[in-house]
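In: structure here, sequence nowhere to be found:
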Ligand SMILES: [Ca+2]
């Protein structure tokens, strides 16, 4: 045991080439600055939650250790991640954002539509986290939390069509989630236009040599509007039926009725 008047032993410090070979004396270099500059740390992601409105939750996230990779962001609606009853949604921060290009690289933006179940008039706090590229710390993004409050009449127009998922099996086959379900009064539901019943399973088709993927529904092909729509609907690439070139009748195409 050290007695009180004894000086504490000096730490053995690494030399410039990184190995320890003695005590550090006679220098005015701050040892912690020296060590920190030579220690490989897993730095936490940076980013921001820029907006949480009824038209979407958006922001950006980047891991400075993997600056050209797109990382995930997790969005928690109703409280911090891990709180009982709070739903979290993973979204890829891979959208190009011109304002990020110079400092962080372009492809680090994210955008998440507000799930329909949150259009119930209740006010909630939205939290967003950057997910470390190497399983490190996932920090709360700058600007979070933000307040979100959406009423049923603010549901996006593309959602305001009733298509009945006739069975629990169809609900599962379309990979719907309880968060997708808007809680509407009977009167609100009756006021919405009703489309054809949803097919029991999604049918995705693509002509070989073409990029466009369509949903075959109600006798027509409805081209999927964007890759983000494909992802938001939880469609799987493996489920796409590839068709020989020219085999899809032009008459089946419904260019004005894109799948959103
Ligand atoms: Ca990191």
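Out: Structure received. Since the model is a prediction, treat every value here as computed from it, not as a measurement. Numbers count the residues shown, from 1 in each chain.

In: what helix or strand does the residue lying closest to residue 116 once chain neighbours are set aside sit in?
Out: Using Cβ to Cβ, 6 or more residues apart in numbering and skipping residues adjacent in sequence, the residue nearest residue 116 is residue 182, 3.8 Å away. The C-beta positions use only the backbone N, C-alpha and C, and glycine is treated the same way. For residue 182, there is no enclosing helix or strand under DSSP states H and E.

In: what residues are up against residue 47?
Out: By Cβ atoms under 8 Å, 6 or more residues apart in numbering, the contact list for residue 47 reads 59-62, 73, 93, 108, 128, 130, 141-142.

In: and those, which are buried?
Out: Listed as buried from the contacts of residue 47 are 59-62, 73, 93, 108, 128, 130, 141; burial here means 16 or more other Cβ atoms under 10 Å.

In: give me the number of neighbouring residues for the residue in the stretch 1-150 of the chain that the ion sits nearest to.
Out: Ranked by Cβ to the ion, the top residue of the stretch 1-150 of the chain for proximity to the ion is residue 65, at 3.8 Å. Number of residues near residue 65 (other Cβ atoms under 10 Å) recorded here: 17.

In: shouldn't residue 93 be in contact with residue 74?
Out: No. Residue 93 is beyond contact range of residue 74, at 10.3 Å (criterion: Cβ atoms under 8 Å).

In: common neighbours of the two, please.
Out: Residues touching both residue 93 and residue 74 (Cβ under 8 Å, 6+ apart): there are none.

In: for residue 133, see how far away the residue of the stretch 1-150 of the chain closest to the ion is.
Out: Counting by Cβ to Cβ, to the nearest Å, the gap from residue 65 to residue 133 is 6 Å.

In: which residues of the stretch 51-200 of the chain lie near the ion?
Out: By Cβ under 5 Å from the ion, the residues of the stretch 51-200 of the chain that approach the ion are 63, 65, 132, 136.
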